[in-house]
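Student: Kindly generate the corresponding structure for this input.
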Amino acid sequence: MDLLMTVLTGLLAGAAGAMGIGGGSVLIILLTVFFNVAQIQAQGINLLFFIPIAVLAVIIYAKRGHIKWRTVLPISAAGLLGVVLGVPLAAYLGDTLLSKIFAGILILVSIKELFAKSRGGNLPPDKSDAN
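Tutor: Modelled structure (predicted):
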C-alpha cells in the first residue's frame, strides 16, 4: 500500500468509527478487497488500529455525556470473554470461511438498516452546549 492510500484508508475508517457506522468494517473491507490483505490479518490490523482511535472517541463521547457507563461495563466484561473464545475460533475457521461469515453479517446488518425506522432525536444534549 502506498502512503497516500494508507492515510486515506485510515481517515475513512476513523471517521466511520467515530460516527458509529462501523469503522472496523470499513477498514477490513478496504484491506481485504482493495489491498489483498488476508481476512485474519485485516482483523488484527483493525484491532490495533482502533486502540488509539477508540480511546480518543471515548474521551470525546464521555465529555459530551453520550456514554451510559452502567450499560458499557457489563457488555465490556462479557466482551473480554468473547475475545478469549473468538480469537481461537477465528483461527480455526480459517480465512475463507471467516470472510464469508463477515460478508454475511455485513449483508444482514445492511438490510436491517435499510428498512429500520429512524431512531434519531433521543440523544442527550452535549454538555458543551449548556449555558
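Student: Which strands and helices lie in contact with the lengthiest helix in the chain?
Tutor: Secondary structure of the chain per DSSP state H: the longest helix is helix 69-115. Applying 3 or more Cβ pairs under 8 Å, 6 or more residues apart in numbering; DSSP states H and E, we find helix 69-115 packed against helix 23-29, helix 39-63. Bear in mind the C-beta positions are built from the backbone N, C-alpha and C, glycine included.
Student: Looking at the ones you listed, which is nearest to Leu12?
Tutor: For Leu12, the closest of the helices and strands packed on helix 69-115 is helix 23-29, at 6.0 Å, according to Cβ to Cβ.
Student: what's the burial count for the nearest residue to Tyr61 once chain neighbours are set aside?
Tutor: Spatial nearest neighbour of Tyr61, excluding adjacent residues (Cβ to Cβ, 6 or more residues apart in numbering): Ile67 at 5.3 Å. Neighbour count of Ile67, defined by other Cβ atoms under 10 Å: 12.
Student: for Gly17, same thing?
Tutor: Gly17: 21 surrounding residues under other Cβ under 10 Å.
Student: Could I get the contacting residues of Leu27?
Tutor: Taking Cβ atoms under 8 Å, 6 or more residues apart in numbering as the criterion, Leu27 is in contact with Thr9, Ala13, Ala42, Ile45, Asn46, Phe49.
Student: The same query, at a cut-off of 7 Å, please.
Tutor: Thr9, Ala13, Asn46, Phe49 (Cβ atoms under 7 Å, 6 or more residues apart in numbering).
Student: Pretty sure the second one sits against Gly23.
Tutor: Yes - proximity of Ala13 to Gly23 meets the contact threshold set by Cβ atoms under 7 Å, at 4.4 Å.
Student: What residues of stretch 92-104 count as buried?
Tutor: Residues Asp95, Leu98, Ser99, Phe102 are the ones in stretch 92-104 that count as buried (16 or more other Cβ atoms under 10 Å).
Student: what does stretch 100-118 give?
Tutor: Going by neighbour count (16+ other Cβ under 10 Å), the buried part of stretch 100-118 is Phe102.
Student: How much space separates the residue nearest to Tyr61 from Ser76?
Tutor: Per Cβ to Cβ, to the nearest Å, Ile67 is found 11 Å from Ser76.
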